[in-house]
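Asker: With the input below, show me the fold.
(one chain, ligands or ions: 2)
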Amino acid sequence: MRTAVAETPVIVAIDGPSGTGKSSTSKAVAERTGFGYLDTGAQYRAMTWWMLGNGVDIADPAAVAAVADKPVIVSGTDPMAPTITVDGTDVSLPIRGRAVTEAVSAVSAVPEVRALITELQRSIAAHAEAGIVVEGRDIGTTVLPGADVKIFLTASPAVRAARRSAELTGQEAAGVAATQAALARRDAADSGRKASPLAKADDAVEVDTSELTLPQVIECVVTLIEARKRSER
Ligand SMILES: Nc1ncnc2c1ncn2[C@@H]1O[C@H](COP(=O)(O)OP(=O)(O)OP(=O)(O)O)[C@@H](O)[C@H]1O
Ligand SMILES: Nc1ccn([C@@H]2O[C@H](COP(=O)(O)O)[C@@H](O)[C@H]2O)c(=O)n1
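Answerer: Numbering: from 1, shown residues only. Ligands and ions are numbered 1, 2, ... in the order given. Predicted structure coming up:
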């Protein structure tokens, strides 16, 4: 008689610059594999939303650090309906607005903010059942350096700007050139900060998505996960 052995949860880290397809890919991979999904950018955006709403000067790291432990940020990890609340309020829409997008890199550069959010992310990953796909900027390098599969998504600046401007509408819409400049500013800030910058982990697989369709990128990541699972059996 064979005894059932519980499989250990699979941790997948997907990092990369803005607009490379991390969220779309991670959500779809999580759905395909039955894993949870964690959007860590949404957590930094939620913290930023709270700072802006409470009149904190986000250009003053000490002011941000002093109140970083006040908001209660809760992330739901169902890839089909990911949620994010701050003090019980659903902030999934306002955190995508321009004000938060322009302020988030300053807030996420504050070490006290990163320490709190990193702890939250590790706790969520530690409670994953089958596994979890965690996407962000420093997951493979800092948050979950022992992740089973690490992917670093890239795409050319022009492709990323075209993708991003295609999805912006109404007041948030901007030309492709302005969108590209905004993406470049955010990437420079995220890569240049001292605390846990945007970076590829040495053992991450880099996937350039410039010439790939979204289904091709998803397939590539699922294949890497399956290969990793087979190698562990
Ligand atoms: N391989 C692809 N081909 C075409 N479009 C794509 C591809 N991957 C993602 N997209 C589209 O590009 C846009 C940006 O993708 P997504 O939001 O997943 O990127 P991201 O890396 O999570 O960005 P951010 O870090 O800014 O949150 C979305 O409109 C998405 O549908
Ligand atoms: N692991 C992470 C994830 C995100 N950030 C910061 O949040 C910003 C928003 O991220 P999106 O993925 O929602 O675009 C991002 O620009 C970073 O400043 C981070 O620092 N670490």
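Asker: Not counting sequence-adjacent ones, nearest residue to the residue nearest the centre of the chain?
Answerer: Centrality entry for the chain: nearest residue to the mean C-alpha point is Gly136, 2.7 Å, by Cα atoms, centre = their mean. Counting by Cβ to Cβ, 6 or more residues apart in numbering, Gly136 lies nearest to Thr40, which is 3.6 Å off, once chain neighbours are set aside. Bear in mind the C-beta positions are built from the backbone N, C-alpha and C, glycine included.
Asker: Using PDB, list the CA coordinates for the lowest-mean-pLDDT helix or strand in the chain.
Answerer: Within the chain, no helix or strand scores below helix 157-167, which has a mean of 91 by mean pLDDT, DSSP states H and E. The C-alpha trace of helix 157-167 is given here as PDB (Å, rounded to 0.1, in the frame of the first residue of the first chain):
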ATOM      1  CA  PRO A 157      10.900  50.000 -23.400                       C
ATOM      2  CA  ALA A 158       8.900  50.600 -26.700                       C
ATOM      3  CA  VAL A 159       7.000  47.400 -26.400                       C
ATOM      4  CA  ARG A 160       6.200  48.000 -22.700                       C
ATOM      5  CA  ALA A 161       5.000  51.600 -23.400                       C
ATOM      6  CA  ALA A 162       2.800  50.500 -26.300                       C
ATOM      7  CA  ARG A 163       1.200  47.800 -24.100                       C
ATOM      8  CA  ARG A 164       0.700  50.100 -21.200                       C
ATOM      9  CA  SER A 165      -0.800  53.000 -23.200                       C
ATOM     10  CA  ALA A 166      -3.200  50.600 -25.000                       C
ATOM     11  CA  GLU A 167      -4.700  49.800 -21.600                       C
END
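Asker: can you list the residues that contact that helix?
Answerer: 17-21, 155, 173-177, 179-180, 183-184, 209-210 (Cβ atoms under 8 Å, 6 or more residues apart in numbering).
Asker: Residue numbers of the chain in contact with ligand 1?
Answerer: Within the chain, the residues that sit near ligand 1 (Cβ under 6 Å from any ligand atom) are 16, 18-24, 41, 163-164, 167, 209, 212-214, 217.
Asker: Show me the residues you listed that map onto helices.
Answerer: Of the positions in those, Lys22, Ser23, Ser24, Gly41, Arg163, Arg164, Glu167, Leu214, Val217 sit in helices, assigned by DSSP state H.
Asker: Looking at those, state which has the most neighbours.
Answerer: Lys22 (26 neighbours; other Cβ atoms under 10 Å).
Asker: what comes into contact with stretch 85-94?
Answerer: By Cβ under 8 Å, 6+ apart, stretch 85-94 touches 42, 45-46, 49-50, 71-74, 82-84, 100.
Asker: 10 Å instead?
Answerer: Contact partners of stretch 85-94, identified using Cβ atoms under 10 Å, 6 or more residues apart in numbering, comprise 39, 42-43, 45-47, 49-50, 52-53, 70-76, 81-84, 95, 100.
Asker: Quick one: check it for contact with ligand 2.
Answerer: No - using Cβ under 6 Å from any ligand atom, stretch 85-94 stays clear of ligand 2, coming no nearer than 11.5 Å.
Asker: tell me which residues in that stretch are buried?
Answerer: Residues of stretch 85-94 classed as buried by neighbour count (16 or more other Cβ atoms under 10 Å): Thr85, Val86, Val91, Ser92, Pro94.
Asker: if we can go back for a sec, rebuild the ones in helices among the residues of the chain next to ligand 1 as CSV, extending it with distance to Ala66.
Answerer: Converted to CSV, these look like this (distance: Cβ to Cβ, whole Å):
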residue, distance to Ala66
Lys22, 31
Ser23, 31
Ser24, 36
Gly41, 23
Arg163, 37
Arg164, 33
Glu167, 36
Leu214, 41
Val217, 41
